[in-house]
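K.L.:
my questions are about this predicted structure, shown below with the sequence.
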Amino acid sequence: MTEATDLFVVCRSCGSEVSKYVTECPYCGERMRKRAPKIARGQIAGGGPAPKRKTRKTRTAAASGRPVVSVVLAAACAVGAVLLVPGVVSAVQVGIVGPIEGQWWRLASASFFADNLWYAAVGVAAIVLFGGLIERRHGAIAVAIVFALAAIGGMAAAAGLETVPLALGANAAALGLIAAWAVAPVLETRRGEQPAGDLIGAGVCAAVLLLMPLAAAEASSTAGAAGLVIGLIAGAVLARR
């Protein structure tokens, strides 16, 4: 006999064939057994192997393993610093040096130029590192948006709030990227989880950029603070995703 015959028993009350895994006859309600027999692991009631569970592949927003956009933005800042220091480009033309006087495009260009190479180097390193972390987790578009919002927002704050505005360099953009990245590890720590990243290192980098106005006159503290706040807001939005 095949194994199929062992899967059914005959009800003593109505004579119907019912599954041996039930405790009551579904036709007459007669009690068949006190409890159903145990099903062996890997088997189902029909006698075959249990179907494999489909593993749900979680998709992250990370577009690729290489932080292309972050490297491009950092390279643009590095090139701008090299062009500005030898005098190829004038700070008045590209940065927030005094009143804007309708030249609103300087809000975007100011972050890509710096008159102090050490100041530029710190910003470039922060953009590559923390921009790359954001790009791997959330994708290229996310890091581009955070950079743009922090850079332009920081320069706009310097131009609008400072009496004699002077703002050049990527401190606002870099602080925005650091803050946007740090939100997720902070939330993980609050939940009692192991944070996926070095918050102490991020704090040191942020502190260096916030103190950079002491070493470089064109590093605006107003722009840096505004970029930090914008980054925290952007990080909260990304964390909800």
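P.N.:
That came in fine, so what should we check first?
K.L.:
quick one: least confident helix or strand in the chain?
P.N.:
strand 17-19 (a mean of 72; mean pLDDT, DSSP states H and E).
K.L.:
can you give me the helices for this structure?
P.N.:
68-84, 91-94, 106-109, 117-138, 140-161, 171-190, 199-211, 221-240 (DSSP state H).
K.L.:
what is the mean pLDDT for the third one?
P.N.:
Put plainly, it is helix 106-109. Across helix 106-109, pLDDT averages out at 95.
K.L.:
buried ones in that helix, by neighbour count?
P.N.:
Of all the residues in helix 106-109, those buried under the rule 16 or more other Cβ atoms under 10 Å are 106, 107, 109. Heads up, the C-betas are built off the backbone N, CA and C, glycines and all.
K.L.:
quick revisit: among the helices of the chain, which is the most enclosed?
P.N.:
Per residue and on average, the most neighbours among the helices of the chain fall to helix 171-190, with a mean of 25 (mean count of other Cβ atoms under 10 Å).
K.L.:
show me what that helix is packed up against.
P.N.:
helix 117-138, helix 140-161, helix 199-211, helix 221-240 (3 or more Cβ pairs under 8 Å, 6 or more residues apart in numbering; DSSP states H and E).
K.L.:
what angle separates it from helix 199-211?
P.N.:
Interaxial angle of helix 171-190 relative to helix 199-211 (axes from the mean of the first three to the mean of the last three Cα atoms, to 10 degrees): 150 degrees.
K.L.:
can you tell me which residues contact residue 191?
P.N.:
Not one residue lies near residue 191 by Cβ atoms under 8 Å, 6 or more residues apart in numbering.
K.L.:
let me see the backbone angles for it.
P.N.:
phi -80, psi 0 (degrees, to the nearest 10).
K.L.:
give me the distance between it and residue 199.
P.N.:
Going from residue 191 to residue 199 by Cβ to Cβ, to the nearest Å gives 14 Å.
K.L.:
just put the helices of the chain in a markdown table and tack on distance to residue 14.
P.N.:
A markdown table is the format used below for those (distance: least, Cβ to Cβ, whole Å):
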| stretch | distance to residue 14 |
| --- | --- |
| helix 68-84 | 73 |
| helix 91-94 | 92 |
| helix 106-109 | 84 |
| helix 117-138 | 63 |
| helix 140-161 | 66 |
| helix 171-190 | 61 |
| helix 199-211 | 70 |
| helix 221-240 | 59 |
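K.L.:
in terms of mean pLDDT, which of these ranks lowest?
P.N.:
helix 91-94 (a mean of 90).
K.L.:
that helix - contacts with which helices or strands?
P.N.:
helix 68-84, helix 106-109.
K.L.:
what does the first one contact?
P.N.:
Yep, that's helix 68-84 we're talking about. 89, 91, 94, 111-115, 117, 120-121, 123-125, 127-128, 131-132, 134-135, 140, 143-144, 147, 168-170, 173.
K.L.:
for that helix, C-alpha coordinates in CSV please.
P.N.:
Output of helix 68-84 as CSV, limited to C-alpha atoms (Å, rounded to 0.1, in the frame of the first residue of the first chain):
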residue,chain,number,x,y,z
VAL,A,68,30.2,58.6,-6.0
VAL,A,69,28.3,61.8,-5.2
SER,A,70,30.1,62.3,-2.0
VAL,A,71,33.5,62.0,-3.7
VAL,A,72,32.4,64.4,-6.5
LEU,A,73,31.2,67.0,-4.0
ALA,A,74,34.4,66.7,-1.9
ALA,A,75,36.6,67.0,-5.1
ALA,A,76,34.7,70.1,-6.1
CYS,A,77,35.4,71.7,-2.8
ALA,A,78,39.1,70.8,-3.0
VAL,A,79,39.4,72.2,-6.5
GLY,A,80,37.6,75.4,-5.4
ALA,A,81,40.1,75.9,-2.6
VAL,A,82,43.1,75.4,-4.9
LEU,A,83,41.6,77.9,-7.4
LEU,A,84,40.9,80.5,-4.7
